[in-house]
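> I would like to see how this sequence folds:
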Amino acid sequence: MLFDTHVHLNDAKFDEDRDEVIRRAREEFGVRMMLNVGYNRETIEGTLRLAETHDFIYAAVGWHPHDAKDCTDEDLAWIRELTSHPKVVALGEMGLDYYWDNSPRDTQAEIFRKQIALARETGLPIIIHCRDAYEDVIRILREERAHETGGVMHCFGADADIMKACLDLGFHIGLGGPVTFKNASLPREIARLVPLDRLLIETDCPYLAPHPYRGKRNETGYVRLVAEKIAEVRGMTAEELARVTFDNAFRLFLSDRAGGADVR
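Now for the predicted structure:
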């Protein structure tokens, strides 16, 4: 029983077979729940449609650092309104990306800070996108008191010291396809070290497909391969790893929305 905590099933790469991909994930791979992430106006709209269509798909809404230069006050007000939607369970993905620098860094930081403030106002956890910017991300999270909301460091790609700083801020660590790559010594070290109650698994589909599908379109069903590899690294069964990470995701994203009830 798996919970894929980061998918983009509204992506155009699924336009030809989206329903089949979702069916396959459920029936063949055992994925019970998915969190679809919208990160600009177009993808947020698609995310909401998916969440409204499938009772097992939930939504996160936010503004990606790539698109920070296009984010307006009206966009942020719209996101604020969407937090009352019954299927919206998180804000994001948000953060900083210094690898691509598609938006000016000061603009990325401004939009990031505004979204953290929105999360603190609404009480929703946040999903962090970070690439080549961990020191600045952690500094901003501290300055904006993001420990009050918590959330997940999506597709975590840093070392154990950075992981500890994130854990100290109350964040979970999200691991995906890279943990299965043949040369992925650092992701596997993080998979071994992260406290089990703070671990989440994800695909980021259609991106970052795990081995042996690396370089191809990723699917949400492949989160099972992520679970199997992490279980191997930690010396536990895949079933136990799936159960624990499902429970972690449920507590972080769904317990408040479900009023404490188990909606599995």
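
> could you say which helix or strand contains Lys229?
Lys229 belongs to helix 223-234 when assigned by DSSP states H and E.

> what's the answer for Leu91, then?
Using DSSP H and E, Leu91 maps to strand 88-97.

> same for that strand, what does it pack against?
When contacts are defined as 3 or more C-beta pairs under 8 Å, 6 or more residues apart in numbering; DSSP states H and E, strand 88-97 packs onto strand 31-38, strand 57-61, helix 105-122, strand 126-131, helix 134-143. The C-beta positions use only the backbone N, C-alpha and C, and glycine is treated the same way.

> one more pass at 6 Å, please.
Judged by 3 or more C-beta pairs under 6 Å, 6 or more residues apart in numbering; DSSP states H and E, strand 88-97 is in contact with strand 57-61, helix 105-122, strand 126-131, helix 134-143.

> which ones are touching the nearest residue to Arg49 once chain neighbours are set aside?
The shortest distance from Arg49 to any non-neighbouring residue, by C-beta to C-beta, 6 or more residues apart in numbering, is to Asn10 (7.2 Å). Applying C-beta atoms under 6 Å, 6 or more residues apart in numbering to Asn10 gives the contacts Gly46, Thr47, Leu50.

> with those in mind, which one is nearest to His154?
Nearest to His154 among the contacts of Asn10, counting by C-beta to C-beta, is Thr47 at 14.8 Å.

> my guess is the closest one contacts Asn36, does it?
Yes: in this structure, Thr47 is within contact of Asn36 by C-beta atoms under 6 Å, at 4.8 Å.

> who touches both of these two?
Shared contacts of Thr47 and Asn36, defined by C-beta under 6 Å, 6+ apart, comprise Ala59.

> for the stretch 151-264 of the chain, just list every one of the strands.
With DSSP state E, counting those that start in this stretch applied, the stretch 151-264 of the chain shows strands at 151-153, 171-175, 199-201, listed in chain order.

> let me know the average pLDDT across the last one.
Put plainly, it is strand 199-201. On average, the pLDDT along strand 199-201 is 98.

> buried ones in that strand?
Of the residues in strand 199-201, Leu199, Leu200, Ile201 count as buried by neighbour count, 16 or more other C-beta atoms under 10 Å.

> do the same with the first one
Neighbour-count burial for strand 151-153, with 16+ other C-beta under 10 Å as criterion, is recorded at Gly151, Val152, Met153.

> quick one: the residue nearest to Glu144 when sequence neighbours are not counted and Gly123, what's the gap?
Excluding its sequence neighbours, the residue lying closest to Glu144 (C-beta to C-beta, 6+ apart) is Ile116, at 4.2 Å. Here the criterion is C-beta to C-beta, to the nearest Å. By it, Ile116 lies 12 Å from Gly123.

> the helix holding Lys229 packs against which elements?
Checking 3+ C-beta pairs under 6 Å, 6+ apart, helix 223-234 ends up next to helix 185-193, strand 199-201, helix 238-249.

> could you tell me the angle between the first one and helix 223-234?
Read it as helix 185-193. 70 degrees (axes from the mean of the first three to the mean of the last three C-alpha atoms, to 10 degrees).
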